[in-house]
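Peer 1: With the sequence up front, the predicted model follows.
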Amino acid sequence: QVQLVESGGGLVQTGGSLRLSCADSGRTYSNYAMGWFRQAPGKERDFVAAIAWTGERPYYADSVKGRFTISRDTAKSMTYLQMNSLNPEDTAIYYCAAVLPAPNGTGLSFSPQSSWGQGTQVTVSS
């Protein structure tokens, strides 16, 4: 079981930036990617971004393309989400997860393969 711990959230103004971190421990599965999801109040948890375990092939939801950057430091077993140009619609609890990608006809979908942690709260004020 891959154990994940998210950190780095906070309160920022519109246009600001935050960098989220996700620490993983446990066995490494070469067919896993690492992903970020978010859940706003009263809404379902949505996919944000994913990256291969080796740190290659980033993939983004359309809503964050050009603003967010996912990266991975394999030596430190860390996955990061750099978030720029934040707006109030980005307010949510952000979670990381080990994921498996699969084609969905229009691109890729990513199914979580690890238990959800506590997440980290991101609040963007207007």
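Peer 2: Ah, there it is. Because the structure is a prediction, the values reported are computed rather than measured.
Peer 1: where does the chain dip in pLDDT?
Peer 2: 1-2, 26-31 (pLDDT under 70).
Peer 1: Show me the residue at the heart of it, geometrically.
Peer 2: Trp36 (1.7 Å; C-alpha atoms, centre = their mean).
Peer 1: in this protein, which spans are strands?
Peer 2: For the chain, the strands defined by DSSP state E cover 3-7, 10-13, 18-25, 33-39, 45-52, 59-60, 68-73, 78-83, 92-103, 108-112, 120-125.
Peer 1: how about Phe37, what does it touch?
Peer 2: 45-48, 94-97, 112 (C-beta atoms under 8 Å, 6 or more residues apart in numbering). Every C-beta, even on glycine, is put in place using the N, C-alpha and C of the backbone.
Peer 1: Could you point out which of those is nearest to Val5?
Peer 2: Val5 lies nearest to Cys96 out of the contacts of Phe37, by C-beta to C-beta, at 8.5 Å.
Peer 1: who does that closest one bridge with?
Peer 2: Trp36 (DSSP bridges).
Peer 1: Relative to Cys22, how far out is it?
Peer 2: 3 Å (C-beta to C-beta, to the nearest Å).
Peer 1: Overlap of the contact sets of the two?
Peer 2: 4, 6, 34, 36, 79, 81.
Peer 1: Same list, these, but as JSON lines with distance to Ser71 please.
Peer 2: JSON lines is the format used below for those (distance: C-beta to C-beta, whole Å):
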{"residue": "Leu4", "distance to Ser71": "16"}
{"residue": "Glu6", "distance to Ser71": "15"}
{"residue": "Met34", "distance to Ser71": "10"}
{"residue": "Trp36", "distance to Ser71": "11"}
{"residue": "Thr79", "distance to Ser71": "7"}
{"residue": "Leu81", "distance to Ser71": "8"}
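Peer 1: any idea which of those is the one closest to Phe68?
Peer 2: Distances from Phe68 to the shared contacts of Cys96 and Cys22, taken as C-beta to C-beta, are shortest for Leu81 (6.1 Å).
Peer 1: That closest one contacts Tyr95, doesn't it?
Peer 2: No - judged on C-beta atoms under 8 Å, Leu81 makes no contact with Tyr95 at a distance of 10.6 Å.
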